[in-house]
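> what's the 3D shape of this:
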Amino acid sequence: MSGNKTISFHVSGMHCASCASNVQRKLTKTHGVISSNVNYANEQATLVINEHKFNAFLASKAVESLGYQAHIGVEDTTDLAEKERNVEIASLKNRLFLSVFLTIFLLIGSMIPFSPKILMNPWVMFLLATPIQFWVGKNYYKSAWSAFLNKTTNMDTLIVLGTSVAYFFSIIVLIFKNSFESNGIQTHVYFETSATIITLILLGKYFETRAKGQTSLAIKKLIGLQAKVAHLVIGKTVKDVQISKLKVGDILLVKPGEKVPVDGVVFSGTSYLDESMVTGESLPVEKIKGDRVIGSTINKSGSFEMKTEKIGSDTMLANIIQLVKSAQGSRPPIQKLVDVVSSYFVPVVIVLSILTFGIWFFFGPEPKLIRALVSMISVLIIACPCALGLATPTSLMVGIGKGAQIGILIKNAEALETANKITTIIFDKTGTLTKGKPEVQKAEFSDDLALIEKAFNWTLPDNLNFKTYLQSLIMSVETKSHHPLADAVVKYFAKNKGQKFEVKNFKDIPGKGVMGVVDGKDVLVGNRKFLVENGTEPNKKLDQKSQDWQNNGHTVTYISVNNIHLLSLGIADAVKEESRNVIKKLSDIGVKVLMMTGDNAGTAKYIANSIGLSEYIAEVLPDDKEQKVKELRKNGDVVGFIGDGINDAPALAAADVGIAMGLGTDVAIESAGITLLRSDISLVPQAIHLSKLTMQNIKQNLAWAFGYNILLIPVAMGALYPIWGIQLNPMLASAAMAFSSLSVVSNALRLRKIKL
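All right, here's what the predicted structure looks like:
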């Protein structure tokens, strides 16, 4: 829809999954916001907005009303997020130190019968517990109060309710102890309970925050690749400037060993660049005048000057970083179930805690009030929804980050989730299964070459034999040709280290071939008709082989010297070495593979046979590709389409998962859900494997999070008491809650070490 735009920004201050849900609900109700998604794991909000109606100030105020801060319009918040995390870790460490120190004395006084009497004094316990309750736990109160003002609840609501009940009940016992005892009610203070709960939750939060920082490791690594300074050429002088000060069109000097500052083209000079950070290719790539260079790749040898084309957020690396961030913040379909559960979770827990109190108070054994309070506090504390909220986003962040590190750029979580369900993969031929560039595939000299050499009795240059001399003649003529296939011929013969001769009387006849006099010899290079028209009779054996090659989709070039047909070449788009292996791997995991191409049936059959593919569709138009994808989906297949051209864009968009080659067109990449950065199709099985492992990891996390609450909430309510007489201690409940969140994050981090 016209006027719609997607924006992302960092949200400071969130410290539980419920916080993120509340911010999301608030933003969704903000004027001009069409939809919103707030991710607790990477503290990022992604909004689809109407540009004409959206007001950034109002959106910021909406977030601030909940007690958080929105950094709308700040381009790169990675450093900010890391600084905030470091500040939070330092703060948690300080509060944790005091909390642990005071809690140890509280536990000694309350649990060890022969401890010093001063520590067993309830008023001393009150003095030790109060700083923990209101200084160490102040953030919980702030968050719970903010949620209350906005008529909502969060995890901190449960913590505040649970610890406050224990703390304030203990104060009531201190003040009215005599009244309780005169009415036959046993009393006990629970200062150590509230303090231990806060300490354990704080400890879990500390480890969770540290672990969460590791989930964004991929983003940090990508940002670390960026160059900081460039050498700006001004006339005859060179000045060092910050990357942020560059403009499009600036001329920059790149020295050996340095990073290319931004995207552009070589203006002068030559060099070899290490482009592995983008392409994954370890061998340096030669760059000459006019060649494109990518920012943050490394100049391995000579100095060169470049002209800037893309700067700032327009560079390839900046786009990759933004895509990874957006993907990490997106939501897969499986998250919808979690969102529904989370929205009802806290209110349901509060109701259950009140119900638990009532059951114990009216039907439980003596002391009823004490047992009712203990069980109610345990329910409130153990039912933390954090593990549930972290289950999906942490796995996604690590999985998508892992993909980015190996060259698989996943644009959104839905593509990642769907990739593991693919049943059929369609490959476009050109540029995916093949290299997309013509190469000489077949070369056949006349059987009579020795006789011809004897008959000609030419005087050859000292360093060349007869065969290499002939190739040098052919290469010299083709070097002057503008035909698209001429480069393939030149490259093929250049490998033989021949010699380049001057060409006289050169003629280029469109649609037929080229001719010229080289070292006094008449050389013709073209199609069969061209040779016949110029008085050359095709060699029968060579002609038969040429016809066979043509039937298999090759373009055949006939070559004659002094009106003798000496050589035929079969030229075709070269098959990528890894194509056969990739198809086998996909077949082994039960994925059906077929090829689709606009080429003729002969070419399609030849390519399919050479890579071990049984199914292919030839002579298809772009609309036909899209239609075939829709047809397969209609029949129940989950379809992945792999292509690289503008003509592939409709099919990429129509597929369940579109996979674009990284060196393909911008339109193809924009239409796809996954991009293979180095255009290596061996990444396709890896992408599917990564999807399977990530979804498996998410399901493990969700099973743990749901299972934890389903099993332990009844235990906290007292389900074990009628059978074994066990009533859960609130301190154990808080330890279990902290462990559940930490286990989910730790399980997600396992994805970083997987081998694909």
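> what about the residue of the chain positioned farthest from its centre, distance to residue 176?
In the chain, counting by CA atoms, centre = their mean, residue 182 sits farthest out from the average C-alpha position, at 67.1 Å. Computed as CB to CB, to the nearest Å, the residue 182 to residue 176 distance reads 10 Å. To be clear about C-beta, it is placed using only N, CA and C from the backbone, and glycine gets the same treatment.
> ditto for residue 643
In this structure, residue 643 lies at 77 Å from residue 176, with CB to CB as the measure.
> and those two? which has more neighbours close in?
With neighbours defined as other CB atoms under 10 Å, residue 643 and residue 176 compare such that residue 643 has more, 31 against 14.
> wait, doesn't the more buried one sit right on residue 651?
Yes - the pair residue 643 / residue 651 is scored as a contact, 6.4 Å apart, by CB atoms under 8 Å.
> Now do the shared contacts for these two.
428, 625, 658 (CB atoms under 8 Å, 6 or more residues apart in numbering).
> From residue 693, how far off is residue 756?
Summarising the geometry, the distance separating residue 756 from residue 693, computed by CB to CB, is 8 Å.
> Out of those two, name the residue with the larger neighbour count.
Neighbours were counted for residue 756 and for residue 693 using other CB under 10 Å; residue 693 has more, 18 against 14.
> and that one, that's in a helix?
Yes - in this structure, residue 693 lies within a helix as judged by DSSP: H, G, I helix; E, B strand; the rest coil.
> which residues touch it?
Listed by CB under 8 Å, 6+ apart, the contact set of residue 693 reads 399, 751, 754.
> burial measure for the second one, as a count.
Taking other CB under 10 Å as the neighbour definition, residue 751 ends up with a count of 24.
> Wait, it touches residue 395, no?
Yes - using CB under 8 Å, residue 751 is in contact with residue 395, at 6.6 Å.
> and for these two, which residues touch both?
Taking CB under 8 Å, 6+ apart as the contact rule, residue 751 and residue 395 both touch 694, 697.
> Residue 366 versus the residue farthest from the centre of the chain, what's the distance?
Residue 182 sits at a distance of 16 Å from residue 366 (criterion: CB to CB).
> tell me the phi and psi of residue 571?
Backbone dihedrals for residue 571, given as degrees, to the nearest 10, come out at phi -110, psi 130.
> Show me what it is bridged to.
In this structure, residue 571 bridges to residue 440, residue 555 when assessed by DSSP bridges.
> Ok, residue 616 next?
So, taking DSSP bridges as the rule, residue 616 has residue 595 as bridge partners.
> so it touches residue 606, yeah?
No - using CB under 8 Å, residue 616 makes no contact with residue 606, being 10.2 Å away.
> Settle it for me: which of those two has more neighbours?
With other CB under 10 Å as the criterion, residue 616 and residue 606 differ in neighbour count, and residue 616 comes out ahead with 22 against 19.
> who touches the more buried one in this structure?
For residue 616, the residues meeting the contact criterion (CB under 8 Å, 6+ apart) are 594, 595, 596, 597, 604, 605, 607, 608.
> got CSV for those residues, with neighbour count, pLDDT and distance to residue 435 too?
Formatted as CSV, those follow (neighbours: other CB atoms under 10 Å; pLDDT from 0 to 100; distance: CB to CB, whole Å):
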residue, neighbour count, pLDDT, distance to residue 435
594, 17, 92, 20
595, 26, 91, 15
596, 24, 87, 17
597, 24, 81, 14
604, 22, 81, 16
605, 17, 84, 19
607, 25, 84, 12
608, 20, 88, 16
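> will you turn these into a markdown table that also has distance to residue 494?
Supplementary listing: the contacts of residue 616 in a markdown table, determined by distance: CB to CB, whole Å:
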| residue | distance to residue 494 |
| --- | --- |
| 594 | 37 |
| 595 | 31 |
| 596 | 34 |
| 597 | 29 |
| 604 | 30 |
| 605 | 31 |
| 607 | 26 |
| 608 | 31 |
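> any idea which of those residues is closest to residue 60?
The shortest distance between residue 60 and any of those, using CB to CB, involves residue 596 and amounts to 48.7 Å.
> Now do that closest one against residue 625, distance only.
Here residue 596 is placed at a distance of 6 Å from residue 625 (CB to CB).
> cool, residue 115 as well?
Counting by CB to CB, the separation of residue 115 from residue 625 is 79 Å.
> Neighbour count: those two, which is higher?
Neighbour tally, residue 115 and residue 625, criterion other CB under 10 Å: the higher count belongs to residue 625, 26 against 14.
> With the flanking residues excluded, which residue is spatially nearest to that one?
Leaving out its chain neighbours, the residue that sits closest to residue 625 by CB to CB, 6 or more residues apart in numbering is residue 651, at 3.9 Å.
> and the helix or strand containing that neighbour, what other elements does it pack with?
Here residue 651 is covered by helix 649-654, with elements defined by DSSP states H and E. Using 3 or more CB pairs under 8 Å, 6 or more residues apart in numbering; DSSP states H and E as the contact criterion, the secondary-structure elements in contact with helix 649-654 are helix 622-634, strand 639-643, strand 657-661, helix 666-671.
> Give me the common contacts of residue 596 and residue 625.
Shared contacts of residue 596 and residue 625, defined by CB under 8 Å, 6+ apart, are found at 426, 428, 651.
> ok, how many other residues are close to the last one?
The number of residues packed around residue 651, counting by other CB under 10 Å, is 28.
> Can you give me the distance of residue 685 to residue 655?
17 Å.
> Look at those two and report which has more neighbours.
Neighbour tally, residue 685 and residue 655, criterion other CB under 10 Å: the higher count belongs to residue 655, 30 against 20.
> Please name the residues that touch the more buried one.
Residues near residue 655 by CB under 8 Å, 6+ apart: 426, 629, 633, 639, 640, 641.
> Setting aside sequence neighbours, what's the nearest residue to residue 522?
Distance criterion CB to CB, 6+ apart; nearest residue to residue 522, sequence neighbours excluded, is residue 562 at 5.4 Å.
> Please apply the same query to residue 683.
Distances taken as CB to CB, 6+ apart place residue 676 nearest to residue 683, at 4.6 Å, with adjacent residues excluded.
> Could you verify my assumption that the one you found touches residue 404?
No - because the distance of 11.6 Å does not satisfy CB under 8 Å, residue 676 is recorded as not touching residue 404.
> more crowded one of these two?
Counting neighbours by other CB under 10 Å for residue 676 and for residue 404 shows that residue 676 has the greater number, 28 against 22.
> From residue 410, how far off is that one?
11 Å.
> again, but for residue 620
For residue 620 relative to residue 410 (CB to CB), the value is 28 Å.
> mind checking how far residue 111 is from residue 103?
From residue 111 across to residue 103, the span is 11 Å (CB to CB).
> joint contacts of these two?
Contact criterion CB under 8 Å, 6+ apart; residues bridging residue 111 and residue 103 by contacting each: residue 192.
> ends of stretch 596-612, how far apart?
End-to-end distance of stretch 596-612 (CA to CA, to the nearest Å): 15 Å.
> Mind listing residues that contact it?
426-430, 433-434, 550-554, 572-573, 575, 579-580, 583-584, 595, 613-621, 625, 628, 647, 651.
> Give the ChimeraX command for selecting the buried subset of these.
In ChimeraX syntax, the buried subset of the contacts of stretch 596-612 is picked out as below (16 or more other CB atoms under 10 Å):
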select :426,427,428,429,430,433,434,552,553,554,572,573,575,579,583,595,613,616,617,618,620,625,628,647,651
